[in-house]
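> Build me a structure from this.
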Amino acid sequence: MDWDKLRIFHAVADAGSLTHAGDVLHLSQSAVSRQIRALEESLNTTLFHRHARGLILTEQGELLFDATSAMSRRLDAASARIKDSEEEVFGELRVTTTTGFGSMWLAPRLTKLYEQYPNLKIDLMLEERVLDLPMREADVAIRMKEPSQADLVRKRLFNVRMRMYASQNYIKMHGAPEKLEELANHRLICQSPSTPQVGAGAQLVASILANDISSTLTVNSYFGVLQGAIHDLGIGVLPQYLAVDFPDLVRVLPEIESAEVPVYLAYPEELRQSQRIAAFREFVQSEIAESRRAYPDEPPL
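Numbering: from 1, shown residues only. Predicted coordinates:
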């Protein structure tokens with residue numbers, strides 16, 4: 001196949017419009033249209049359904065777009081490896097992690113990484129869905145379970161448990177429960193059981209809610225739970241790593257906690273030599289070590 005025609009086809013399929021693809025490729029609409037027609041003739045098939053609102057891929061077009069998408073990701077990976085310099089860290093780094101960890105622990109610390117590498121361009125993708133690293137949906141991931149793909153470099157960073165916390169002001173006003181039954185006199189703040197979350201956290205919340213809790217606030221993110229706890233709304237079920245950045249939070253009912261959840265950093269084998277990956281990995285490990293030094297008796301990480 002003609003590589004240039006495939007490049008144009010990929011742009012049109014991605015944009016859903018000849019005009020928009022032409023803008024991206026700096027080509028006229030008529031030039032783009034000629035290339036698509038030529039590609040369809042060479043393949044003896046129709047790649048797009050054409051209608052007033054734009055272009056929709058046919059079944060054959062979907063197959064070809066899957067192939068060109070995979071090619072594009074591989075080319076991006078090759079380009080990233082070529083651009084990596086032994087002396088300098090620069091360029092785009094796509095990082096994926098959970099919404100809670102990314103917003104409450106990672107993002108507030110990125111200032112240090114940018115100070116060291118000011119030409120780094122980080123795309124931080126926060127979601128509970130596990131992105132496909134071998135297919136280059138992201139460059140590096142921090143996840144609350146061990147990755148299942150075989151062709152990934154992985155490193156176990158730490159273990160996390162979900163525990164119960166309240167603000168010092170809340171405890172002054174309402175006291176701290178000394179046993180589980182006393183939670184009936186307090187408001188529980190936790191993630192909604194229907195919210196995507198690590199299994200250990202969901203199990204802990206379910207076991208607590210099985211008791212007679214008269215007042216609850218359920219939120220669909222740990223960030224919301226944290227805001228409720230630090231603003232004296234009640235007792236929150238939160239990951240232990242937050243104790244580093246929110247010293248006002250006091251642990252209550254210390255005998256109640258979730259099972260350990262392993263936290264892994266992972267990236268594709270093909271990016272093993274990437275200087276950007278190495279810089280990010282070393283930054284995360286350094287921040288974890290600093291947290292452990294600050295809390296030697298009960299490390300939060």
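
> According to the record, where do the domains of the chain fall?
3-83, 92-157+262-294, 159-259 (the TED database).

> Tell me if I am right that Val89 is in a helix.
No: counting by DSSP: H, G, I helix; E, B strand; the rest coil, one finds Val89 to be coil, located in no helix.

> where does this structure have its least confident helix or strand?
helix 59-83 (a mean of 83; mean pLDDT, DSSP states H and E).

> Can you check what angle separates the helix or strand just after that helix from helix 59-83?
Proceeding N to C from helix 59-83, the next assigned helix or strand is strand 91-97, under DSSP states H and E. Computed by axes from the mean of the first three to the mean of the last three Cα atoms, to 10 degrees, the angle separating strand 91-97 from helix 59-83 equals 120 degrees.

> Now do strand 91-97: which elements does it pack against?
The contact analysis (3 or more Cβ pairs under 8 Å, 6 or more residues apart in numbering; DSSP states H and E) places strand 91-97 against helix 59-83, strand 120-126, strand 140-143, helix 275-294. C-beta coordinates here come from the backbone N, C-alpha and C atoms, glycine included.

> Sheet-wise, list the partners of the third one with their directions.
Strands adjacent to strand 140-143 in the sheet, as given by DSSP bridges, are strand 91-97 (parallel), strand 261-268 (antiparallel).

> Next, work out how far apart the most centrally placed residue in the chain and Ala210 are.
When Cα atoms, centre = their mean is applied to the chain, the residue found nearest the centroid is Thr97 (2.4 Å). Per Cβ to Cβ, to the nearest Å, Thr97 is found 30 Å from Ala210.

> cool, and Glu146?
Using Cβ to Cβ, one gets 29 Å for the distance from Glu146 to Ala210.

> Would you mind telling me which of the two has more residues around it?
For Glu146 against Ala210, the residue with the higher neighbour count under other Cβ atoms under 10 Å is Glu146, and the figures read 12 against 8.

> Could you give the number of residues near the nearest residue to that one once chain neighbours are set aside?
Spatial nearest neighbour of Glu146, chain neighbours left out: Tyr264 (5.5 Å); criterion: Cβ to Cβ, 6 or more residues apart in numbering. Using other Cβ under 10 Å, the number of residues around Tyr264 comes to 17.

> these two touch, right, Tyr264 and Ser148?
No: contact criterion Cβ atoms under 8 Å: Tyr264 and Ser148 do not qualify, at 10.8 Å.

> Where does Ala247 sit: helix, strand or coil?
One correction, residue 247 is Pro, not Ala. coil.

> circling back to that earlier point, save the strands paired with strand 140-143 as a markdown table, and put in distance to Gln60 and mean pLDDT too.
Shown next, in a markdown table, are the strands paired with strand 140-143 (distance: least, Cβ to Cβ, whole Å; pLDDT from 0 to 100):
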| stretch | distance to Gln60 | mean pLDDT |
| --- | --- | --- |
| strand 91-97 | 30 | 92 |
| strand 261-268 | 30 | 94 |
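
> nearest to Pro193, of those?
With Cβ to Cβ as the measure, strand 261-268 is the member of the strands paired with strand 140-143 nearest Pro193 (16.9 Å).

> Who does Leu126 form a beta bridge with?
With DSSP bridges as the rule, Leu126 is bridged to Thr97.

> His186 versus that one, what's the distance?
30 Å.

> can you check Ser207 too?
As defined by Cβ to Cβ, Ser207 lies at a distance of 16 Å from His186.

> More neighbours: which of these two?
Neighbour comparison, Ser207 and His186: the larger count goes to His186, with 21 against 12 (by other Cβ under 10 Å).

> And the strands in the stretch 101-250 of the chain, which stretches?
Taking DSSP state E, counting those that start in this stretch to define them, one finds strands in the stretch 101-250 of the chain at 120-126, 140-143, 152-160, 162-167, 187-191, 215-219, 235-239, 249-251.

> With respect to burial, which of these scores highest?
Comparing those by mean neighbour count (mean count of other Cβ atoms under 10 Å), strand 235-239 comes out on top with a mean of 27.

> what sits up against that one?
By Cβ atoms under 8 Å, 6 or more residues apart in numbering, the surrounding residues in contact with strand 235-239 are 100-101, 160-166, 170, 177, 183, 186-191, 201, 204-205, 208, 222, 225-226, 228-229, 249, 252.

> for Tyr267, what are its contacts?
133, 139-141, 152-153, 274, 277.
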